[in-house]
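Participant: Build me a structure from this.
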Amino acid sequence: MKAIFSIYGNDLKRIAANWAALIMTAGLILLPSFYAWFNIKASWDPYGHTDQIKVAVTNLDEGSNLQGKGVNLGKEIVSTLRKNDAFDWQFVNRKKAINGVQHGDYYARMEIPDDFSRKIGTVVSDRPVQPEIIYSVNEKINPIAPKITGKGAETIIEQVSSNFVKEATKAIFEEFNKLGIKLEEELPTIQKLESLIFKLEGEFPEIKKILNTAAEDTDQSQRLVNEAQKQLPIAAGLSSKGMKVSESVQDVLNKSEKVFQNLPQVMKSDLGLLQDIFTSLEGTADEWADPNLNPATLEEAGKRLSAAAALSGALADVLDRLNAQAETSLLDVPIERLKEIQSESRQQEDLLKKLSAVTNQAKREKQAKELKNRLAGTRAKAGEMLNTFDSSIQPKIQEALNEAQKSADQADSILSEINSSIPDVQKILNDAEKGLALGGNKVGEFQKELPLLEKKIGKLASDIRAFKETNNINSLIELLQNDAEKESSFFSEPVKLKHERMFPIPNYGSALAPFYTVLSLWVGCVLLVSLLSVEIHENRRYRSMHVYFGRFLTFWTIGLFQALIASAGNVYILGVYAVHPGWLILFSLLISTIFMLIVYSLVSVFGNIGKAFAIIMLVLQLAGSGGTFPIQVTPPFFQAINPFLPFTYAISLLREAIGGILWDIVRMDAARIIIYGAAAILFGVFLKKPINKASEGFRRKLAESKLIH
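Facilitator: Alright, predicted model coming up:
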């Protein structure tokens, strides 16, 4: 130990006594910090200045006429963009836009074709055509700009689609609402007429009893006839009004049929949205097998599954209500499919929550694969419904509407029969009055006519009961009376995404600080071994182990200062966000120690070749550590070496200090990185002497070249 500290003490004295060495050492201490700080500051908020990115916009839309109303969605889009400061929008003609993108004056261009509004208007026809917005970008100007401008273009398309769906469905449900209110206003008249028919039917036994005794009591029969004559005008008036109500119902159902013709297009669009959700989730399911995956990714996928469950449930409810109104089972199959999709979505959401808690690699991969298979099955169901919509589901909706129409026709027939029977009743009562006036001999004639009247009233009552058993006018009113604004808002945006940030980091620079700090510490180690010697050039001879540890203490001291200045400067000079700034500094000191052991040992054992090894490790770790991009998007080679790289665990340690510590992760990362340091010590202690001796001739030959020291 005395020899080790003798070497270390002599190094410190030489640095302190030689001003040139002191300046060089100070430079080596500060240089890694500058490397980290400049890169972190440059990456602080790369998306905060997109308002300076020029994007050309050309509107060629000629407008169209939608159900008697002139529309020009191109102008509306341009008007919206003029208020949008996400990019520097340039409103120019087509020629200037294309030329500007080609020559780099604009990063991208968006062109609204002349038939944009016309194609959107075809959604209410039997042959809808999907509109397009042309987007082109000059990808050679900058590798990131196409991604940024592309996201802006997608946002504009989403806004246009959402607004159009909202307005279209709003118009449909407003018409439903009007029809439902009209039926509700006439409902008391319908119910009163129905009550009168049932009352007449119930009183016929009493009428027959009275007529049987009429021959014995003519006066009593006369009063009965007079009372019946008083009630007959009321029945006639109700019958006439009932005919008008029947015509209103017919008119309502005719209009309702027109409205239902537009509803399938909205439902078909929502089925497409369901299929897209499951296709997207299935495509990203392989990433979920990684235990190091950001929990926010699984949380976002869970929210999308919740959205799919809500949307499929809403579609099933609409079809169920229509099925109930028609009193048929025509739509049972699509309703059942939608409920299956809803149930499977909820099950998959639960599985996703359980998956996030699994840390075992093999078990996680198995569960992720099972979840992917389930997503594929649900996606297939949604796709099958979408593919068979025009040939299967839409015709059944029309058939259900036809059933409702039949019920209305039946009611109209009943009311017509009532109306036509009134003159017969009037005639019978008039005859009865004359008969009673003439004497008891006419009572018998009236009794003969009574069975015919009883039969007609009984048939009308039976028809009304049959109508009520198979149809429910209150259900129809409930279906049609909806809040148009709320219904349209639901279909345009069936699920709202609620963001709940986990371990939030306020800016991009702070998020990248772990990567650039770790990188700067490794670069600092490489600079040290490149400028300072790992060997002792003195007359006194030391043992190989003494040289290794004695000179390492000098390197370690400088490395600790590098880590202290870089990490403290991140927090107190740059203002890097850190939940635990103290732990950030301590973790940086540990990382610098381990890196110095690795790099120092390589050079101490292999000489200049060890420096090359250190640089090769640096290059591999830049792409293989997952410091900037998720490791899952890198080539298979880098994914394979990721678990074996010191950078992987060093970056993870600093991320914990910046975003919020989970101690199980810290303990695991610290243990792994310390293992690298222990391996480096063993490597340097036991292999330095034999490898130095074996490579002495090789190094002497290199020196003879006068090029390599």
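Participant: List the residues that contact residue 342.
Facilitator: 308-309, 312-313, 316 (Cβ atoms under 8 Å, 6 or more residues apart in numbering). Any C-beta I mention is one placed from the backbone N, CA and C, and that applies to glycine too.
Participant: Try it again at 6 Å.
Facilitator: Counting by Cβ atoms under 6 Å, 6 or more residues apart in numbering, residue 342 touches 309, 312-313.
Participant: Now name the helix or strand holding it.
Facilitator: According to DSSP states H and E, residue 342 maps onto helix 332-356.
Participant: And the strands in this protein, which stretches?
Facilitator: 54-59, 64-66, 69-71, 88-91, 108-112, 134-137 (DSSP state E).
Participant: Columns mean neighbour count on top of these, output as CSV?
Facilitator: CSV is the format used below for these (neighbours: other Cβ atoms under 10 Å):
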stretch, mean neighbour count
strand 54-59, 23
strand 64-66, 16
strand 69-71, 12
strand 88-91, 16
strand 108-112, 24
strand 134-137, 18
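Participant: how near is residue 545 to residue 277?
Facilitator: Residue 545 sits 63 Å away from residue 277, going by Cβ to Cβ, to the nearest Å.
Participant: now swap in residue 532 and tell me
Facilitator: Here residue 532 is placed at a distance of 58 Å from residue 277 (Cβ to Cβ).
Participant: try residue 557
Facilitator: On the measure of Cβ to Cβ, residue 557 and residue 277 end up 57 Å apart.
Participant: These two: which is more packed in?
Facilitator: Set residue 557 next to residue 277 and count neighbours by other Cβ atoms under 10 Å: residue 277 wins out with 23 against 17.
Participant: Can you name the residues that contact the residue lying closest to the more buried one once chain neighbours are set aside?
Facilitator: Leaving aside its sequence neighbours, residue 277 sits nearest to residue 308 (Cβ to Cβ, 6 or more residues apart in numbering; 4.8 Å). Contact partners of residue 308, counting by Cβ under 6 Å, 6+ apart, are 274, 277, 345.
Participant: let's see 7 Å
Facilitator: By Cβ atoms under 7 Å, 6 or more residues apart in numbering, the contact set of residue 308 is 274, 277-278, 345.
Participant: for residue 535, same thing?
Facilitator: Going by Cβ under 7 Å, 6+ apart, residue 535 touches residue 547.
Participant: Dihedrals phi and psi, it?
Facilitator: The phi/psi pair for residue 535 (degrees, to the nearest 10) reads phi -110, psi 160.
Participant: how near is it to residue 36?
Facilitator: Counting by Cβ to Cβ - residue 535 and residue 36 are separated by 30 Å.
Participant: Over to residue 86?
Facilitator: With the distance defined as Cβ to Cβ, residue 86 ends up 31 Å from residue 36.
Participant: These two: which is more packed in?
Facilitator: Neighbours were tallied for residue 86 and for residue 36 using other Cβ under 10 Å; the higher tally belongs to residue 36 (28 against 17).
Participant: And the more buried one, how far from residue 611?
Facilitator: The spacing between residue 36 and residue 611, counted by Cβ to Cβ, is 21 Å.
Participant: now residue 574
Facilitator: 30 Å.
Participant: so how far is residue 536 from residue 543?
Facilitator: As judged by Cβ to Cβ, residue 543 and residue 536 stand 11 Å apart.
Participant: What residue, apart from its backbone neighbours, is nearest residue 672 spatially?
Facilitator: Once flanking residues are discounted, residue 672 sits nearest to residue 649: 4.8 Å by Cβ to Cβ, 6+ apart.
Participant: can you count the residues close to the one you found?
Facilitator: By other Cβ under 10 Å, the residues close to residue 649 number 23.
Participant: same check, this time on residue 95
Facilitator: By other Cβ under 10 Å, 9 other residues sit near residue 95.
Participant: picking that back up, among the strands of the chain, which comes closest to residue 330?
Facilitator: Set against residue 330 and scored by Cβ to Cβ, those come closest in strand 64-66, at 30.9 Å.
Participant: circling back: distance of the residue nearest to residue 277 relative to residue 660?
Facilitator: For residue 308, the distance to residue 660 equals 31 Å [Cβ to Cβ].
Participant: so what are the domain limits for the protein?
Facilitator: As given by automatic domain parsing, the domain ranges for the chain are 2-43+508-704, 54-152, 187-492.
Participant: and the shortest one, average pLDDT?
Facilitator: Spelled out, it's domain 54-152. Confidence for domain 54-152, expressed as mean pLDDT, is 78.
Participant: Renumber starting at 19 from here on
Facilitator: All set: I'll call the first residue 19, so the last point we hit is now domain 72-170.
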